[in-house]
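>>> What follows is a protein structure lacking sequence information:
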């Protein structure tokens, strides 16, 4: 004989997670697309929550080789009075030994710094530019965020499969 349990014997958190479910499967009576209008598709400048762009991260920036080249040209060189990748990396907590190690590698230290901080928002990188008076780099990043990033964002639209 099949045993049944009353609602009171099921712990509260499990009972709440089972609401609208039967035998562990979601209740199919609800319309999963009820919040989407079936006749309406998003327009070019749509501001719905599905279309609003997320803030770009450094990993997004790493996909633009032209932008990377410009940033590397500006931040790789070592100059006694101009702040560079080393100041940025140090500010974000990179240890001294690691800074020295990156300087010895054949790859761009700026690229290495960006790769290690790829999940940070580009806005934080722009803040570092302001902090270290690197308006030249900030201007390049600002232009990319305002002009290039929105173009790329259209391809990330959640309804485009």
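Okay, I see it. These figures come from a predicted structure and were not determined experimentally. Numbering: from 1, shown residues only.
>>> Count the residues that sit near the nearest residue to residue 130 once chain neighbours are set aside.
In space, and not counting its chain neighbours, residue 130 is closest to residue 138: 6.1 Å by CB to CB, 6 or more residues apart in numbering. Backbone N, C-alpha and C define where each C-beta goes, glycine included. Using other CB atoms under 10 Å, residue 138 is surrounded by 18 other residues.
>>> Which other helices and strands does the strand or helix carrying residue 138 contact?
With elements taken from DSSP states H and E, the one containing residue 138 is helix 135-143. Secondary-structure packing of helix 135-143 (3 or more CB pairs under 8 Å, 6 or more residues apart in numbering; DSSP states H and E): helix 65-75, helix 122-131.
>>> With distance to residue 144 and mean pLDDT as extra columns, can I get the ones you listed in JSON lines?
Below are the helices and strands packed on helix 135-143 laid out as JSON lines (distance: least, CB to CB, whole Å; pLDDT from 0 to 100):
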{"stretch": "helix 65-75", "distance to residue 144": "5", "mean pLDDT": "95"}
{"stretch": "helix 122-131", "distance to residue 144": "8", "mean pLDDT": "95"}
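>>> In JSON lines, list those along with distance to residue 148 and mean neighbour count.
Below are those laid out as JSON lines (distance: least, CB to CB, whole Å; neighbours: other CB atoms under 10 Å):
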{"stretch": "helix 65-75", "distance to residue 148": "7", "mean neighbour count": "15"}
{"stretch": "helix 122-131", "distance to residue 148": "11", "mean neighbour count": "16"}
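>>> returning to what we had before: mind listing what the residue nearest to residue 130 touches?
126, 129, 130 (CB atoms under 8 Å, 6 or more residues apart in numbering).
>>> Of those, just say which sits nearest to residue 149.
Nearest to residue 149 among the contacts of residue 138: residue 126, at 12.3 Å, using CB to CB.
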